[in-house]
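Q: here are the coordinates; sequence isn't available:
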Ligand SMILES: NC(=O)C1=CN([C@@H]2O[C@H](COP(=O)(O)OP(=O)(O)OC[C@H]3O[C@@H](n4cnc5c(N)ncnc54)[C@H](O)[C@@H]3O)[C@@H](O)[C@H]2O)C=CC1
Ligand SMILES: N[C@@H](CC=O)C(=O)O
Ligand code: NA
């Protein structure tokens, strides 16, 4: 549907009286940015640096007309002219000369109102806000359709990697059977530095905050929720039904210790926080079951994702026609995220210029009957670290509990200690359901020789 904004841009062009002149064929799309922090500032900067290049490619000049901020006096890393600043975001949405809105304030309350109010004014929105999409995506896409507007969200997943476009357009001819993603830059930065430098968790998190990688509330990163928001968006896009946050199993990285990183290394693995979307074959007439989860996992060092370090993200997408494909790039930070938002502004500007009818919409429901597989039914291999008293019979008791539950052990490491001392015992466990392993570990934890709650990390085999 062609909305009022598109009509006003077209009217401006045809009314200029110089139809043959390329210079005046250049249309201008005015942007209102809401939130002038890391991402909002990055978008402003990106347009200063590459706005002319984009205009020459698009035939549309993108111009920042207003930036809504919280505090006019606050010093900013990106210098935005004071004349553009306002503290009244609603006035930016209401301004009839502004065609597109960028929502870069974060959070799910005011941000939701910003997006809905913009739609009501017939203005499409570009957002980087995965928390907002995770919580209200279904409602917001329906509202966009109702008002003949659009919601663009490339910056919301994996920063500068154009993964939304990949799933929406590049792989449209595929059924997506697997997605494995390192999708949180902060966690990958922390785990990489813990492994490569032996750095401390807290210290590295502070660096990630200073570098603008972490969320305003960093527990969203380290507890895995940010990765879950992103994984849910990818799963929804790939499988065509909106995956609800409550259906996504989430475990973060706070329980990962340097000891586990070292033992994993000895066994030939690297620990990464993975977002996983796996489609399982369902019986005839039955709805598709999809695993959607986020957890730290041991990856074989030989797997390409094991060598993705620092703030970099990478996503492996398997399609039934194309096979495995891989995408790599900076997952957080000002410039990488701005790059993704700029591509959305370009798409939105082209939609205003040409109309959206011929284009693929940002989210189209297509498999309404899909369902998320509960984590209890998910099968994987496991790394288990126990803290045990080194005395005769301990290992036998532990293996007996696992044996009774039909859980096989593929290898055991126990560094030499002296009898009676507390030592780590590492078990690598064959394929088993999550519920089976959790129950067995519950029993093992109660043994008198076991001195701390068992540490359990899944092992990903990428099948
Ligand atoms: N920093 C990053 O690397 C990435 C961030 N994102 C997302 O981008 C969004 C923005 O994140 P950042 O720029 O990093 O956060 P930020 O904290 O640097 O910037 C947000 C800005 O919005 C302002 N703000 C909040 N409420 C406002 C209001 N009512 N009116 C005007 N201004 C208001 C704040 O004062 C702050 O300056 C979030 O949704 C985040 O999840 C997405 C990808 C990467
Ligand atoms: N906090 C996020 C920012 C980008 O989405 C991350 O670290 O990945
Ligand atoms: Na992206």
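A: Thanks, I have it. As the structure is a computational prediction, the values presented were derived from the model and not from experiment. Ligands and ions are numbered 1, 2, ... in the order given.
Q: now stretch 227-242, how far from the centre of its chain.
A: Stretch 227-242 has its average C-alpha position 9 Å from the chain's average C-alpha position, going by Cα atoms, centre = their mean, to the nearest Å.
Q: right, quick check: it against ligand 3, any contact?
A: No. For stretch 227-242, no contact with ligand 3 is found by Cβ under 5 Å from the ion; the gap never falls below 9.0 Å. For the C-beta atoms, the positions are set from N, CA and C on the backbone; glycine is no exception.
Q: any bit of that stretch sitting next to ligand 1?
A: No. Judged by Cβ under 6 Å from any ligand atom, stretch 227-242 makes no contact with ligand 1; its nearest approach is 8.4 Å.
Q: what about stretch 167-187 and ligand 3, touching?
A: No. Stretch 167-187 stays clear of ligand 3 (Cβ under 5 Å from the ion), getting no nearer than 9.4 Å.
Q: and if you look at stretch 131-139?
A: No. Interface with ligand 3: stretch 131-139 contributes nothing (Cβ under 5 Å from the ion), its closest point being 12.2 Å away.
Q: repeat for stretch 306-313
A: No. Stretch 306-313 lies out of reach of ligand 3 by Cβ under 5 Å from the ion, never closer than 8.5 Å.
Q: Next, the residues that contact that stretch from outside, please.
A: Stretch 306-313 is contacted from outside by 158-159, 161, 181-186, 188-189, 192-193, 196, 208, 211, 213, 269-270, 272, 299-301, 314, 328-333, using Cβ atoms under 8 Å, 6 or more residues apart in numbering.
Q: Buried ones in that stretch, by neighbour count?
A: Of all the residues in stretch 306-313, those buried under the rule 16 or more other Cβ atoms under 10 Å are 306, 308, 309, 310, 311, 312, 313.
Q: Return the member of those nearest to residue 151.
A: Minimum distance to residue 151 across the buried residues of stretch 306-313 is 21.9 Å, recorded for residue 313 (Cβ to Cβ).
Q: where does the closest one fall, helix, sheet strand or coil?
A: What DSSP: H, G, I helix; E, B strand; the rest coil gives for residue 313 is strand.
Q: and stretch 119-136 with ligand 2, contact?
A: No. Remark: stretch 119-136 sits outside contact range of ligand 2, by Cβ under 6 Å from any ligand atom, the gap being at least 6.5 Å.
Q: Now do the buried residues in that stretch.
A: 119, 121-136.
Q: Just the terminal-to-terminal distance for that stretch.
A: The straight-line separation of the ends of stretch 119-136 (Cα to Cα, to the nearest Å) is 14 Å.
Q: ok now do the residue in the stretch 201-350 of the chain that ligand 3 sits nearest to, which residues does it touch?
A: At 4.3 Å from ligand 3, residue 340 is the closest residue in the stretch 201-350 of the chain, using Cβ to the ion. Residue 340 sits next to 128, 154, 155, 159, 160, 161, 162 when contact means Cβ under 8 Å, 6+ apart.
Q: ok, now with 10 Å
A: Contact analysis of residue 340 by Cβ atoms under 10 Å, 6 or more residues apart in numbering lists 39, 42-43, 126, 128, 152-165, 329-330.
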